[in-house]
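S.K.: Predicted coordinates and the sequence they were generated for:
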Amino acid sequence: MKKTTSRLTWGSMVLCVALGLAGCCGSQSDMARGPESQSTDSNQSTDQGIQNGVGTSKPIIQESPTAANQSPAEPFTPLPDREMTATAPADRDARVERRPALGRRTSKAARSKTVDAAPPTEEKASAKAMSPNEAAIREILEGVASEGPSPGSAPKISVQPEATPMTTRSPLDMGPSSAAIPMESRGGGMPTEIAAPAMTPQMMTAARTPEPPPETPELRAMTAPAEPADAAATSSSPVPTAAAPDATMPTQDYKLVQVFYGTDRAAVAGVAAHPLGKIPWGTLTAAAGGLTLLLIVVLLFARRNTALRLGVGLSLLATLGLGACMIQIPRNTKPGKADTSLAYGNGRGELEMGVCEVSIPKDHRVGELESPSILRLEFNEDPEKHVVLMKVQRQEPDAFYGQLRERIGQDDRREAFVFIHGYNVTFENAARRTAQLAHDLEFAGAPIFYSWPSQGGLLQYTVDEENIVYTVPHLKEFLVGVAEKTNARRIHLIAHSMGNRGLTAALRQLADQRGPDQAKLFHEVLLTAPDIDAEIFRRDIAPAIVKTAQRVTLYASSRDTALAASRQVHGYPRAGESGENLVVIPGIDTIDVSAVDTSLVGHSYYGDSDTVLVDMAQLLHDEKPPDLRDRLRQQMLGALRYWVFLTERISMRPDGGSP
């Protein structure tokens, strides 16, 4: 028994050794046959399996090196086909028809691994060393790819060599790719499959969505729309386009009024604005002085302490310092847009002419000469809020009269008015008032003003009386030039306060020089609040000036406190006063404005009262006599007539209505 067991044991050992030697010899024999013979056996085995309806249970799927290294979270994008023409259409159709049959022979797990995934453009070199079995598999697959598909055989998976671009399919071909076709594996210890990487939903969506090819000059040329036949002619010439509005250009909420002037003031050229001139030193000085007085009163009636005394001392020092700045630093209220290169002072000079530009704000109210107000905390001029002299340009006489003729020619009626200001008025204020009158009267002709060297100060009344006499020859020369060197049909004259002295003196000289048969130079002459001796006016002035104009109108008021002060200074009534001193002369229309003049001083009603402005507008525009003008009622002074305003107030404003 022991011998039998020993023999069986030795026999088994010998059989196992023999079988092992036989297997090794068989494996070496297969490896020695070479890649071509192995590929032939593989093809024969695969064809035989297809014909018999038998397939492998687990197909071998080629794994893309790039896809294997790609993170599942990264989107997968198919690349454009570079070798679409390598496969014939017939072979591709045959492949597509045979794929469903192969699909039915595969398991569900295998079908889930046959998802269409476009291979990458280039294959990266493997960082790991391949085992002998993997090298053998690569050689077998390369041989299968080199033979190409044959009729009646299953399509082969092509494996590109390393560093060689792989063939990709067209983005429009949505069928299974060649990398998803199962292939029967060989025995001999080779692995049964190479698992494909799992596809994420993002990768599947990217695989189904074709990517448009990159834009190239050739592609742009092919897809560009055809140009018309005359495209070359039209493209060579620039196409006119409307200029876009400049966003950086600021909008102007004011209107510029062009005003002509004549003056015998001394010009001040090259006025340099002080950098601290915008500061209201006068207002600050007054505020500091008021605070000082208040602290002194408190110090007198309150308990004296060191802090209060210190406050009084500091306030007094601040008042003195601000007062020094007010005296030393010239005030500059002009906006940055204004041109201050030329100005006229208060000194005497020769006759000069030029053009001004004055701003009228968009929200201007009739009868108001808008200026900065301390109550509104406005210390500097703003053209969008105030009437501002923006520019002064001096001209030679020929250029001046030429531009004036052109401006008068723009009006169908070809008319102009000349305004002569009164006492305590600067050149700048005269220009502002003239622009306001032209705007409020809606005067379509040329507005002109004559500025004589008034000192612009309340305490300079006697100096102004001397300068108004000095200016008479210059004023007469200027008026004659406007009447004779322009094409104006009607020239109106408007004088105020002390300016009436200069105007009436010039008209008296013109009346003496011109014969009675000569035509009258002027149409309407308006004398507003004349600061002239009433008796001299009746006896000497009125009979002469009526010879130089078509109509003379005198506006007077009993509420004019300025003329009342002048009467006290001179000792005699003034021609601009009404009441018992009212001047009524044949040939002159006298209008009493006392009923509508409600201003504090009552001296500037010609430009401040909208009711008076309405009457002046009807006089200048419509040439109506007093009997036909609105709101005037006739009164009798002996045998002479004059007119007064009705107590009902009329207005040129939109809310008050205009007659």
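M.R.: Alright, I've got the coordinates.

S.K.: partner strands of the helix or strand where Ala416 lies, parallel or antiparallel?
M.R.: In this structure, Ala416 is located in strand 415-420 according to DSSP states H and E. Sheet neighbours of strand 415-420, with direction, are listed as strand 446-451 (parallel), strand 490-496 (parallel) (DSSP bridges).

S.K.: Point out the most buried one among these.
M.R.: The highest mean neighbour count among the strands paired with strand 415-420 belongs to strand 446-451 (a mean of 27), with neighbours defined as mean count of other Cβ atoms under 10 Å. For the C-beta atoms, the positions are set from N, CA and C on the backbone; glycine is no exception.

S.K.: low-scoring pLDDT stretches of this protein, where are they?
M.R.: When residues are selected by pLDDT under 70, those of the chain lie in 1-251, 270-274, 648-659.

S.K.: any idea which strand is longest in it?
M.R.: strand 342-361 (DSSP state E).

S.K.: That one packs against which elements?
M.R.: With contacts taken as 3 or more Cβ pairs under 8 Å, 6 or more residues apart in numbering; DSSP states H and E, strand 342-361 sits against strand 254-269, strand 388-395, helix 397-409, helix 427-440, helix 472-484.

S.K.: Just checking: what are the partner strands of it?
M.R.: Sheet pairing for strand 342-361, using DSSP bridges, gives strand 254-269 (antiparallel), strand 388-395 (antiparallel).

S.K.: still on that earlier bit, so can I have TSV of the strands paired with strand 415-420 showing distance to Phe379?
M.R.: TSV is the format used below for the strands paired with strand 415-420 (distance: least, Cβ to Cβ, whole Å):
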stretch	distance to Phe379
strand 446-451	26
strand 490-496	28
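
S.K.: Ile327: which of those strands is closest?
M.R.: When the strands paired with strand 415-420 are ranked by proximity to Ile327, the top entry is strand 446-451, at 26.3 Å, counting by Cβ to Cβ.

S.K.: Residues contacting the next helix or strand after that closest one, please?
M.R.: Heading C-terminal from strand 446-451, the first helix or strand you meet, by DSSP H and E, is helix 461-470. Contacting residues not belonging to helix 461-470 are listed as 264, 348, 423-424, 452-455, 498-499, 501-502, 505, 569 [Cβ atoms under 8 Å, 6 or more residues apart in numbering].

S.K.: Name the member of these with the most neighbours.
M.R.: Neighbours here are counted as other Cβ atoms under 10 Å. On that basis the top member of those is Gly499, with 31 neighbours.

S.K.: contacting residues around the residue nearest to that one when sequence neighbours are not counted?
M.R.: In this structure, Gly499 finds its nearest non-sequential neighbour in Ile420, 3.9 Å apart by Cβ to Cβ, 6 or more residues apart in numbering. For Ile420, the contact set (Cβ under 8 Å, 6+ apart) comprises 449-450, 452, 475, 493-496, 499-500, 502-503.

S.K.: Also Leu276?
M.R.: Residues counted as contacts of Leu276 (Cβ under 8 Å, 6+ apart) are 325, 329.

S.K.: Please identify the helix or strand for it.
M.R.: Leu276 belongs to no helix or strand, assigned by DSSP H and E.

S.K.: just Ile327 next, same as before
M.R.: helix 306-328.

S.K.: Enumerate the positions of that helix that are buried.
M.R.: For helix 306-328, burial by neighbour count (16 or more other Cβ atoms under 10 Å) applies to 311-312, 315-316, 318-319, 322-323, 326.

S.K.: what does stretch 408-419 give?
M.R.: Buried residues in stretch 408-419, defined by neighbour count with 16+ other Cβ under 10 Å: 408, 411, 414-419.

S.K.: Dump it to CSV, restricted to CA.
M.R.: C-alpha atoms of stretch 408-419 as CSV (Å, rounded to 0.1, in the frame of the first residue of the first chain):
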residue,chain,number,x,y,z
ILE,A,408,-29.9,146.0,-37.1
GLY,A,409,-30.4,144.4,-40.5
GLN,A,410,-31.5,141.1,-38.8
ASP,A,411,-34.7,142.9,-37.6
ASP,A,412,-37.5,143.4,-40.0
ARG,A,413,-38.3,146.8,-38.4
ARG,A,414,-34.6,147.8,-38.4
GLU,A,415,-34.7,149.6,-35.1
ALA,A,416,-32.4,150.1,-32.1
PHE,A,417,-32.5,151.7,-28.7
VAL,A,418,-29.8,153.6,-26.8
PHE,A,419,-29.8,153.5,-23.0
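
S.K.: so where does Gln634 fall, helix or strand?
M.R.: Once you assign secondary structure using DSSP H and E, Gln634 falls within strand 632-637.

S.K.: what's the spacing between Thr462 and Ile532?
M.R.: Look at Thr462 and Ile532: by Cβ to Cβ, to the nearest Å, they are 16 Å apart.

S.K.: what about those two, which has more around it?
M.R.: A count of neighbours by other Cβ under 10 Å puts Ile532 above the other of Thr462 and Ile532, at 23 against 10.

S.K.: who's in contact with that one?
M.R.: For Ile532, the contacting residues are 500-501, 504, 541, 574-576, by Cβ under 8 Å, 6+ apart.

S.K.: repeat that with 10 Å
M.R.: Taking Cβ atoms under 10 Å, 6 or more residues apart in numbering as the criterion, Ile532 is in contact with 497-498, 500-501, 504-505, 540-541, 563, 566, 570, 574-576, 583.

S.K.: cool, Val358 as well?
M.R.: 254-259, 383, 387-391, 428, 431-436, 438-439, 447.

S.K.: If any of those are buried, give me the PyMOL selection for them.
M.R.: Listed next is the PyMOL selection for buried residues among the contacts of Val358, using 16+ other Cβ under 10 Å:
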select buried, resi 254+256+257+259+383+387+388+389+390+391+428+431+432+433+434+435+436+438+439+447
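
S.K.: Determine which of the helices and strands packed on strand 342-361 approaches Ile591 most closely.
M.R.: For Ile591, the closest of the helices and strands packed on strand 342-361 is helix 427-440, at 17.1 Å, according to Cβ to Cβ.

S.K.: and the angle for that closest one with strand 490-496?
M.R.: Inter-element angle recorded for helix 427-440 and strand 490-496: 130 degrees (by axes from the mean of the first three to the mean of the last three Cα atoms, to 10 degrees).

S.K.: what packs against helix 427-440?
M.R.: Helices and strands touching helix 427-440, as assessed by 3 or more Cβ pairs under 10 Å, 6 or more residues apart in numbering; DSSP states H and E, comprise strand 254-269, strand 342-361, strand 388-395, strand 415-420, strand 446-451, strand 490-496, helix 605-608, helix 610-622.

S.K.: Now distance to Thr471 too, for those, in CSV please.
M.R.: Supplementary listing: these in CSV, determined by distance: least, Cβ to Cβ, whole Å:
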stretch, distance to Thr471
strand 254-269, 6
strand 342-361, 8
strand 388-395, 18
strand 415-420, 9
strand 446-451, 8
strand 490-496, 12
helix 605-608, 20
helix 610-622, 24
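
S.K.: So for Gly277, which of the ones you listed sits nearest?
M.R.: Between Gly277 and the helices and strands packed on helix 427-440, the shortest gap by Cβ to Cβ is with strand 342-361, which sits at 13.4 Å.

S.K.: Sweet, I'm off.
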